[in-house]
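In: Sequence and predicted model, in that order:
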Amino acid sequence: MDPNGRRADRPSDESARVLNPAGSPTVVVSDEQIDVDIDVDRWADLAAAVLRTEGRAGELTLTFVESDEMAQLNAEHMGKAGPTDVLSFPLDSFDEDAVAMPGPVLLGDVVVCPAVARDAAPTHAGTLDDEIALLVVHGILHVLGHDHFEPEETRLMRDRERTLLKLHHWHGPAPAAFAQEQTK
């Protein structure tokens with residue numbers, strides 16, 4: 001990790017990145033669930049703003065899924081039973097050969113389960129809106145190489161989440177009820 005909490009193997013040189021023609025990220029959003037109303041344009045805008053702030057261009061997919069599908073993904077990829085709130089799947093983010101190739105950089109996939117977010121919101125971010133925003137930002141930061149295995153990594157990632165949410169979600173300070181750790 002560098003001092004900003006980014007993986008050291010992330011391309012830092014602008015010339016190492018392939019930008020789309022507009023020089024901005026492309027976010028493809030799919031709502032494949034019916035439990036919670038999702039404003040796909042709003043979450044696409046948040047994801048794109050986060051990627052621009054992080055200096056990343058390329059394509060990111062953001063998919064909202066049912067609890068059953070999230071449980072399947074969680075078991076298959078994390079070896080854990082039951083649905084989780086968000087999973088991230090980095091693709092070309094750290095592959096220098098892929099980043100140098102012509103064509104779009106496929107940053108990765110972020111999968112969010114709105115039903116799990118809805119259930120966690122009262123004891124976590126405070127509101128469903130803030131919970132989904134946190135999960136979108138959290139998932140993108142994982143795609144970009146942030147992690148929270150060690151206490152210092154956790155602190156850096158949470159600080160970055162809060163900064164990005166202040167900039168692009170709240171447009172000001174965090175609400176008093178917002179928490180990044182689940183309370184009982």
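Out: Nice, I can see it. Residues are numbered from 1 along each chain as shown.
In: which residues sit against stretch 33-50?
Out: Contacts to stretch 33-50, defined as Cβ atoms under 8 Å, 6 or more residues apart in numbering, come from residues 24-31, 60, 62, 64-67, 69, 110, 113-115, 117-118, 128, 132-133, 136-137, 140, 164, 167-169. Backbone N, C-alpha and C define where each C-beta goes, glycine included.
In: okay, and the helix or strand of the chain with the least pLDDT?
Out: helix 96-100 (a mean of 58; mean pLDDT, DSSP states H and E).
In: immediately after it, which helix or strand?
Out: Next along the chain after helix 96-100, taking DSSP states H and E as the criterion, comes strand 106-112.
In: which residues touch that next one?
Out: 25, 47, 51, 56, 58-65, 70, 73, 85-93, 98, 132, 135-136, 139-140, 142-144.
In: got it, and stretch 65-81?
Out: Stretch 65-81 has contacts (Cβ under 8 Å, 6+ apart) with 32-35, 82-84, 87, 89, 111-113, 115-116.
In: List the ones among the contacts of stretch 33-50 that fall in strands.
Out: Using DSSP state E to define strands, the subset of the contacts of stretch 33-50 located there is Thr26, Val27, Val28, Val29, Ser30, Asp31, Leu60, Leu62, Phe64, Val110.
In: end to end, how far does stretch 51-68 reach?
Out: Start and end residues of stretch 51-68 are separated by 29 Å (Cα to Cα, to the nearest Å).
In: Equivalent analysis for stretch 139-159, please.
Out: Stretch 139-159 end-to-end distance (Cα to Cα) = 14 Å.
In: again, but for stretch 167-174
Out: End-to-end span of stretch 167-174 (Cα to Cα): 10 Å.
In: For that stretch, which residues meet the burial criterion?
Out: His168, His169, Ala174 (16 or more other Cβ atoms under 10 Å).
In: For the closest residue to the first one other than its chain neighbours, give me the pLDDT.
Out: What that stands for is His168. By the measure of Cβ to Cβ, 6 or more residues apart in numbering, the closest residue to His168 outside its immediate chain neighbours is Ala49, 4.2 Å from it. Looking at Ala49, its pLDDT stands at 97.
In: do Val105 as well
Out: 86.
In: Same question for Ile132.
Out: 98.
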